[in-house]
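Engineer: With the sequence up front, the predicted model follows.
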Amino acid sequence: MALLTFGLTVVRHGETQYNKDGLLQGQAIDSPLSETGLRQAEAVGRYLKDVTFTNVFVSDMLRARQTAETIMKCNISCSGQEMVCDSLLKEKSFGIAEGLKVKDFKDMAQAAGLSWLDFVPPGGETNQQVRQRVTEFLERMLRRIEADHWREGGRGEAETSPTEGRADDGVRGVPVHALVVGHGAFIRVALRYFVEELRCAPPPGSDRAHMLSLCPNTGVCRFILTARKEGDGRLAAYGVDCVFVHRAEHVEA
């Protein structure tokens with residue numbers, strides 16, 4: 001069986017003024033990073049500066065692009081590297097609730113008799129629709145990684161040793177390593193997909209509830225993803241191991 005094993009580091013964008021004010025942004029509000037968010041982006045950039053990335057994928061929304069650009073500026077491996085902006089990585093759409101306070105959104109959900117995690121306001125996306133974007137992005141990312149690295153000996157073995165609290169935990173010796181910069185609600189749906197569809201277990205010291213909680217601004221999650229060649233020659237995700245989730249010791253409040 002032909003396999004490709006590679007690192008996948010997922011980072012949520014830095015804080016915006018909407019985050020600070022407790023307002024929903026979604027897709028219609030393309031806000032920039034706040035002063036705090038810019039400092040957070042610099043902090044996560046410094047944290048990841050010595051970690052080697054072979055590919056960078058980012059949501060095409062401004063707050064994510066600013067975060068990714070800052071990480072790449074700080075990183076020793078990203079000089080001259082292409083940043084691939086992908087609309088599939090956009091934040092979940094909250095429809096008519098975008099721009100409202102998160103509390104008001106939760107009140108709307110309660111009035112509808114639903115959990116706020118399951119509530120879909122008019123014009124918004126369901127979790128299933130976001131999950132479909134997750135799967136489409138994974139397929140697109142795998143095609144790019146296959147094109148870039150399959151013939152370069154990108155197959156490698158992931159570490160099995162416990163994490164040491166280092167920025168390169170899990171990816172030392174892994175020749176292919178993708179950085180993805182996105183959004184809180186999208187990342188939460190992606191992690192649920194990893195757990196439910198790819199049977200990803202929480203990392204040591206964590207549990208399912210923590211793994212599926214909202215990632216903090218510039219929080220870092222890392223996975224080792226294994227893809228295999230299907231009968232039609234297509235590269236498809238086969239399994240995923242979680243190294244750590246929501247790491248945020250670098251975050252500046």
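Structural biologist: Now that the structure is in, tell me what you want to look at.

Engineer: what's the spacing between residue 17 and residue 53?
Structural biologist: Distance, residue 17 to residue 53, using C-beta to C-beta, to the nearest Å: 29 Å. For every residue, glycine as well, the C-beta is placed using N, CA and C.

Engineer: Residue 65 too?
Structural biologist: Residue 65 is 16 Å from residue 53, by C-beta to C-beta.

Engineer: same question, residue 77
Structural biologist: The value you get for residue 77 to residue 53, if C-beta to C-beta is used, is 5 Å.

Engineer: And the one helix or strand residue 209 maps to, what's buried?
Structural biologist: If you go by DSSP states H and E, residue 209 is part of helix 208-211. Within helix 208-211, the residues that count as buried by 16 or more other C-beta atoms under 10 Å are residue 211.

Engineer: counting contacts, what elements does it pack onto?
Structural biologist: If contacts are counted by 3 or more C-beta pairs under 8 Å, 6 or more residues apart in numbering; DSSP states H and E, helix 208-211 sits against helix 184-197, strand 235-247.

Engineer: neighbour-wise, which of residue 17 and residue 53 wins?
Structural biologist: The neighbour comparison of residue 17 against residue 53 (other C-beta atoms under 10 Å) goes to residue 53, with 20 against 15.

Engineer: For the nearest residue to the more buried one once chain neighbours are set aside, name its beta-bridge partners.
Structural biologist: Closest residue in space to residue 53, ignoring its immediate chain neighbours: residue 179 at 4.6 Å, by C-beta to C-beta, 6 or more residues apart in numbering. Per DSSP bridges, the residues bridged to residue 179 are residue 9, residue 56.

Engineer: May I have the residues that are in contact with residue 179?
Structural biologist: The contact partners of residue 179, taken as C-beta atoms under 8 Å, 6 or more residues apart in numbering, are 9, 11, 48, 53, 55, 56, 57, 68, 71.

Engineer: Which helix in this protein has the most residues?
Structural biologist: helix 127-149 (DSSP state H).
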